[in-house]
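**Q** Following is a predicted model, sequence given first.
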There are 2 protein chains.
Amino acid sequence: MRLGVLGTGVVGQSLASGWLSAGHDVMLGSRSRTNEVAVAWAAESGRAASNGTFADAVEHAEVVVNCTPGEVSLSVLNGVDTAAFGNKVVLDVSNPLDFSAGFPPTLSIVNDDSLGEAIQRCLPEARVVKSLNTVTASVMVEPSRLDGRHDLFVAGNDATAKRVVTGLLADLGWDAADVHDLGGIDAARGIEMYLPLWLRLMGTIGGAEFNVHVVRSTAPSG
Amino acid sequence: MRLGVLGTGVVGQSLASGWLSAGHDVMLGSRSRTNEVAVAWAAESGRAASNGTFADAVEHAEVVVNCTPGEVSLSVLNGVDTAAFGNKVVLDVSNPLDFSAGFPPTLSIVNDDSLGEAIQRCLPEARVVKSLNTVTASVMVEPSRLDGRHDLFVAGNDATAKRVVTGLLADLGWDAADVHDLGGIDAARGIEMYLPLWLRLMGTIGGAEFNVHVVRSTAPSG
């Protein structure tokens, strides 16, 4: 599958390399075609890897993956001709973290709205799916780093798009049984609002390599 | 220990009965001494169980437990003479859920504040600890209902108060190793902001008997 990964940070590079290893054709998109990180990544990563502008990556892609920082995601996406997205699947990995008042950040969109929904409104024909934003980059691409089962969430209005994303997650090692479909893109609220708890846990644990597993009862309810 | 449980809903009754079974002396507090639910509970529950007004329960208690609905918690607590709380431990189990626009609810206090912090400001001498609000009542009092380890969070400014609460959680069956101390009462933001995700999971799972377990890596970081 042809993927366009927007953003050259640790998340973008990790996911781009992870899907490349799984056999996909990946273009890493950034503000310019001469972005040093993206040029170096493409040069090192073989024939199925390339780089270009954000618009190039959207044009290239069957599935677009937004790995830009949440504070700039809407301006990046607005900077690309909306028509170029068509009805493509857009996997949104970003978090609306606002560090303007220091650490810990607050959320810039919260409670009765979410960045996932804002991106869906920005790209009304595209099929936006929120996922992966609840784990650190190394866990995204290698879930077996953690000891025991642990889970991801997906939210989006289009069932087919969520199946495509669940397949891409499987390519990274995520068991479909550990991927919870929480419903429409408005469920991105809950997925994003988990971040303040995640940040506190990171402080307590002393690192970002952790995740949560949803534990249920298998006993018949009494 | 003498506990004052404020609120006669399922959470208040469940916790009151749970701690009674563990050997504590529990007064269930409500708006009036003739509250039918509270009178019946006290009559059925033996000599260590009693009921009274919110003020009676605060007066009685070494540890006060706020199980009133989040939308009324501040008015309930403001209705009791602040001096009666002294520097008592106040375990806050409430969630600031606002159902005024229907389901799913939003949070009435969120992002740069929390109900836990608002309660601490309301009772400046008391030692407020946020916990237990992330699981349904039946799981609060019987964590073994779920299959496998699963976790709770505590937040509060006073370390001794958090130890007292962790002891009370142990009395309900919670292993201290599964209780994450997230820091000061401002960590209540993250603990409360997890609720929208919890509500979505409840819908997906089709019931409230679940919880999350924090999964880490035991391997040395590379």
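**A** Yep, that arrived. The shown structure was predicted, so the numbers you read here are calculated from the model rather than taken from an experiment.
**Q** in chain A, which helix or strand is least confident?
**A** helix A:82-85 (a mean of 94; mean pLDDT, DSSP states H and E).
**Q** nearest residue to the residue nearest to the spatial centre of chain A other than its sequence neighbours?
**A** When CA atoms, centre = their mean is applied to chain A, the residue found nearest the centroid is A:Val93 (2.1 Å). When the adjacent residues along the chain are set aside, A:Val93 lies closest to A:Leu132, with 4.6 Å between them (CB to CB, 6 or more residues apart in numbering or on different chains). The way it works is simple: take the backbone N, C-alpha and C, and place the C-beta from them, glycine included.
**Q** measure the one you found to A:Leu169 for me?
**A** Taking CB to CB, to the nearest Å as the measure, A:Leu132 falls 7 Å from A:Leu169.
**Q** Quick check, A:Met27 in contact with A:Gly4.
**A** Yes - using CB atoms under 8 Å, A:Met27 makes contact with A:Gly4 at a distance of 5.1 Å.
**Q** Mutual contacts of those two, please.
**A** Overlap of the contact sets of A:Met27 and A:Gly4 (by CB atoms under 8 Å, 6 or more residues apart in numbering or on different chains) consists of A:Asp56, A:Ala57, A:His60, A:Ala61.
**Q** which of those has the most neighbours?
**A** Among the shared contacts of A:Met27 and A:Gly4, the one with the most neighbours (other CB atoms under 10 Å in any protein chain shown) is A:Ala57, at 28 neighbours.
**Q** wait, it sits on A:Val5?
**A** Yes - contact status for A:Ala57 versus A:Val5: in contact at 6.7 Å, counting by CB under 8 Å.
**Q** Name the residues contacting each of the two.
**A** Both A:Ala57 and A:Val5 are contacted by A:Met27, A:Leu28, A:Gly29, under the criterion CB under 8 Å, 6+ apart.
**Q** Strands along chain A, start to end?
**A** If you assign secondary structure with DSSP state E, the strands in chain A sit at A:2-6, A:25-30, A:49-53, A:63-66, A:89-92, A:97-98, A:106-107, A:127-130, A:152-156, A:179-181, A:210-216.
**Q** tell me the average confidence for the fifth one?
**A** In this model, strand A:89-92 has a mean pLDDT of 98.
**Q** Repeat that for the last one.
**A** Per-region confidence: strand A:210-216 scores 98 on mean pLDDT.
**Q** just stretch A:171-179 next, same as before
**A** Averaging pLDDT along stretch A:171-179 gives 98.
**Q** Likewise for stretch A:108-118?
**A** Regarding stretch A:108-118, the rounded mean pLDDT is 98.
**Q** Just the CA atoms of it, as CSV, please.
**A** Coordinates of each C-alpha in stretch A:108-118 appear next as CSV, following Å, rounded to 0.1, in the frame of the first residue of the first chain:
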residue,chain,number,x,y,z
SER,A,108,-6.0,23.0,23.1
ILE,A,109,-9.3,21.2,22.0
VAL,A,110,-11.1,19.3,24.6
ASN,A,111,-14.3,18.0,26.2
ASP,A,112,-17.0,18.9,23.6
ASP,A,113,-14.6,18.7,20.6
SER,A,114,-11.3,17.0,19.7
LEU,A,115,-8.5,17.4,17.2
GLY,A,116,-9.7,14.3,15.4
GLU,A,117,-13.1,15.9,14.8
ALA,A,118,-11.5,19.2,13.8
